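Trainee: All I have is the shape, not the residue letters:
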């Protein structure tokens, strides 16, 4: 059935397939609802806090015309915004358009990334690169036998009660761990001190998890890993390696662990940070979705993020069963760029289909979170309901 996410690309089909994979892995047999999937993928548009819809995009996140094309930036986090301004050598957002206009796209991106900011050139699709990516697994899985089998603490093979350590941020990873929490997993999200998550973003994807703040170098993190069944990683591969948290190091120290890894660009680009919007721009999606043949466009939802989250959650569920039979440790991973290649290889249409008017009333849930009244999208799959998100950083870092 067609999921109503109007696009030239097959976003609805990608969303349906991703959620269906998760539902099948979870043993959910009831029919999926295309409207529920569409609104779950656009959950940021349904979210309200105390009756108000948050402003989910910073003024410094967007497309900018350069001397020879377009650049896409991401400045939602304050530190990224500061670095972007530093890279352009301007003091505030008012001077940003002129700073881009006087540079080529390559010059602007080089200047911003040199300061640690986030920007990419808006490029046409690379058919050869996409074909190479599609020749690899959409979600990779690797088995690593462990001495004595290396099985989990009580050999559980289903999601209920398993301990999931969530080391992720920004949609894809949080959607994965939110999906596992939906099925009864004990999910503990850990964030670094001094880098709070935007409140709206945490409420949008924090359902059913506990939230704690802890330095990744703390011995307590190793204690949490000792007792975890699954760890989900969402930070840059190189940054994780510097902290001793690469998948290989984790399974060596914690036999029997399932490690699920998400990244923007894949492990071949370990130092590159990125977000859904940046991958859309560099992979060619933004030009395909152009509304007028000039300005770049965007998908109707952050579909790369959401699909990566559901597909990785489905892989984790499958590996819980396989671990009980085969033992050992497991690593599973995907990237937003790999998901983009999949989407670019699917059939497309010359113009988006008309937008459907969906009544959100039956697709939303309301929670009281520390006195804040929060309305969020309900699950994309039937027969289960989210538990309320916890306030960010409100819990202790312990199981």
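Mentor: Sure thing, it's come through. Bear in mind that the values here come from a model prediction, so they are computed numbers and not experimental data.
Trainee: in this structure, which spans are strands?
Mentor: 48-49, 62-65, 70-73, 119-121, 140-144, 163-167, 186-191, 209-213, 230-233, 258-263, 329-335, 364-369, 372-377 (DSSP state E).
Trainee: now the fifth one, how far from the centre of its chain.
Mentor: Between the mean C-alpha point of strand 140-144 and the mean C-alpha point of its chain there is a distance of 21 Å (C-alpha atoms, centre = their mean, to the nearest Å).
Trainee: if I pick residue 189, what's in contact with it?
Mentor: 166-168, 174, 177, 206, 209-212 (C-beta atoms under 8 Å, 6 or more residues apart in numbering). Where you see a C-beta, it was placed from the backbone N, CA and C, and this is true even at glycine.
Trainee: Using a markdown table, lay out those together with distance to residue 119 and pLDDT.
Mentor: Putting the contacts of residue 189 into a markdown table (distance: C-beta to C-beta, whole Å; pLDDT from 0 to 100) gives the following:
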| residue | distance to residue 119 | pLDDT |
| --- | --- | --- |
| 166 | 28 | 98 |
| 167 | 25 | 98 |
| 168 | 23 | 97 |
| 174 | 24 | 97 |
| 177 | 28 | 98 |
| 206 | 28 | 97 |
| 209 | 31 | 97 |
| 210 | 35 | 97 |
| 211 | 30 | 97 |
| 212 | 32 | 97 |
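Trainee: Out of those residues, who's the most crowded?
Mentor: residue 177 (31 neighbours; other C-beta atoms under 10 Å).
Trainee: Isn't that residue up against residue 165?
Mentor: No: taking C-beta atoms under 8 Å as the definition, residue 177 is not a contact partner of residue 165, at 9.0 Å.
Trainee: which residues are common contacts for the two?
Mentor: Jointly contacting residue 177 and residue 165 under the rule C-beta under 8 Å, 6+ apart are residue 232.
Trainee: from memory residue 250 sits against residue 224, does it?
Mentor: No: Residue 250 is beyond contact range of residue 224, at 11.7 Å (criterion: C-beta under 8 Å).
Trainee: And the pLDDT for the residue nearest the centre of the chain?
Mentor: When C-alpha atoms, centre = their mean is applied to the chain, the residue found nearest the centroid is residue 172 (1.4 Å). Per-residue confidence (pLDDT) for residue 172: 97.
Trainee: Hmm, residue 14 and residue 346 touching each other?
Mentor: Yes: using C-beta under 8 Å, residue 346 is in contact with residue 14, at 6.7 Å.
Trainee: between the two, which one's more packed in?
Mentor: Comparing residue 346 with residue 14 by neighbour count (other C-beta under 10 Å), the higher total belongs to residue 14, at 25 against 12.
Trainee: tell me the contacts of that one?
Mentor: 303, 307, 339, 342-343, 346.
Trainee: Buried ones in the longest helix seen in the chain, by neighbour count?
Mentor: What stands out as the longest helix in the chain, according to DSSP state H, is helix 303-326. Neighbour counts over helix 303-326 (16 or more other C-beta atoms under 10 Å) mark 303-320, 323 as buried.
Trainee: Tabulate the strands of the chain (a markdown table), appending distance to residue 103.
Mentor: Output for those, formatted as a markdown table (distance: least, C-beta to C-beta, whole Å):
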| stretch | distance to residue 103 |
| --- | --- |
| strand 48-49 | 38 |
| strand 62-65 | 10 |
| strand 70-73 | 9 |
| strand 119-121 | 11 |
| strand 140-144 | 38 |
| strand 163-167 | 36 |
| strand 186-191 | 35 |
| strand 209-213 | 38 |
| strand 230-233 | 35 |
| strand 258-263 | 28 |
| strand 329-335 | 29 |
| strand 364-369 | 43 |
| strand 372-377 | 39 |
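Trainee: Any stretches of the stretch 101-250 of the chain with poor pLDDT?
Mentor: 147-157 (pLDDT under 70).
Trainee: can we see that at 80?
Mentor: 146-158 (pLDDT under 80).
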